[in-house]
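**Q** give me a model of this one.
(one chain, ligands or ions: 1)
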Amino acid sequence: MSERKPMIAGNWKMNLTLEQSTSLVKTIVKECGRLKGVEVLVAPPFTALSTIKEAIGDSGILLAAQNMHWELEGAYTGEISPKMLVEAGCSHVILGHSERRNLFFETNDTINLKTEAAISTGLVPIVCIGETLDQREQGQTSEVIREQLEGSLKNLLERKNLPLSTILAYEPVWAIGTGKTATPDQAQEVHQFIRHWLDENFGSRAARAIRILYGGSVKPGNIRELMSMPDIDGALVGGASLKAHSFLPIIRFQEN
Ligand code: PEP
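**A** Just a heads-up that it's a prediction; the model follows:
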């Protein structure tokens with residue numbers, strides 16, 4: 001049996017009012033708090049973090065931010081530091097989401113700095129990688145994934161030291177918010193590639209322990225099949241995490 005506990009993570013992006021997100025998290029806590037076989041995480045917008053932390057209470061639901069700066073403080077107007085996220089109650093932070101890479105020009109270099117800063121501040125990074133449709137069609141998927149891994153984890157790679165709590169999320173760009181899901185076989189193929197890469201670069205212990213989430217139009221109807229794949233350890237869910245009626249069955253995928 002895998003030593004990796006499944007994780008279902010909801011990325012709320014720039015959605016939900018404070019009232020809506022509080023009500024959603026209260027339902028998640030009521031229905032899914034303290035579930036044994038799965039870790040549940042929510043990533044609300046920055047302005048909702050403290051309120052959601054309070055609503056989560058001691059239910060075991062984990063709290064993540066969707067981004068951060070790599071410096072701890074300073075003259076960076078509009079930015080949020082890792083220290084501030086810890087203060088707001090976050091244990092995790094999503095880094096390098098394709099929307100950050102594509103719409104806000106984040107690069108592997110800045111994601112590398114952020115990953116390093118997250119770890120040294122005590123946050124667990126959820127580092128996102130994934131190819132575009134064009135790259136897939138050109139047969140460049142493995143090359144792109146390798147490049148993103150090498151760039152986003154550069155400092156850790158140099159030290160050959162990746163904390164086992166680190167989480168990777170494979171999110172093919174063409175499957176995010178499009179309704180197109182990678183087939184379980186397509187996703188497994190890339191997850192297996194990532195696990196081999198972890199093995200080659202950080203050793204077998206890291207490859208066995210590090211969780212790789214899949215993201216891209218995950219829904220109640222496809223989660224079970226995706227989770228049946230040996231190298232898929234959970235899901236990073238966007239659209240379907242915004243409503244209890246779609247997020248709860250994803251969290252409870254083991255029961256369906
Ligand atoms: C995401 O943005 O991380 C995501 C996977 O979105 P969706 O589930 O809506 O495709």
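**Q** close to the ligand, is stretch 169-189?
**A** Yes: figure legend: stretch 169-189 in contact with the ligand (CB under 6 Å from any ligand atom); contacting residues 171, 176-177. Yep, even glycine has a C-beta here, placed from its N, CA and C like the rest.
**Q** where does this protein get nearest to the ligand, which residue?
**A** Using CB to the nearest ligand atom, the closest approach of the chain to the ligand is made by residue 238 at 2.2 Å.
**Q** isn't that residue up against residue 13?
**A** Yes: the criterion here is CB atoms under 8 Å, and residue 238 meets it with residue 13 at 6.2 Å.
**Q** about what we covered before: tell me the one of the residues of stretch 169-189 next to the ligand nearest residue 253?
**A** For the residues of stretch 169-189 next to the ligand, the closest approach to residue 253 (CB to CB) belongs to residue 171, at 18.2 Å.
**Q** circling back to that earlier point, a markdown table for the residues of stretch 169-189 next to the ligand, including pLDDT and distance to residue 150?
**A** What follows is the residues of stretch 169-189 next to the ligand, written out as a markdown table (pLDDT from 0 to 100; distance: CB to CB, whole Å):
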| residue | pLDDT | distance to residue 150 |
| --- | --- | --- |
| 171 | 96 | 18 |
| 176 | 88 | 22 |
| 177 | 81 | 27 |
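**Q** now the buried members of the residues you listed.
**A** Neighbour counting by 16 or more other CB atoms under 10 Å classes 171, 176 among these as buried.
**Q** redo the residues of stretch 169-189 next to the ligand as a markdown table? Include secondary structure and distance to residue 53.
**A** Converted to a markdown table, the residues of stretch 169-189 next to the ligand look like this (DSSP: H, G, I helix; E, B strand; the rest coil; distance: CB to CB, whole Å):
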| residue | secondary structure | distance to residue 53 |
| --- | --- | --- |
| 171 | coil | 25 |
| 176 | coil | 27 |
| 177 | coil | 27 |
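**Q** which residue sits closest to residue 241, ignoring its sequence neighbours?
**A** residue 10 (2.9 Å; CB to CB, 6 or more residues apart in numbering).
**Q** who has more neighbours, residue 238 and residue 13?
**A** Taking neighbours as other CB atoms under 10 Å, residue 238 and residue 13 compare with residue 238 leading, 22 against 18.
**Q** what's the closest non-adjacent residue to that one?
**A** Distances taken as CB to CB, 6+ apart place residue 11 nearest to residue 238, at 5.2 Å, with adjacent residues excluded.
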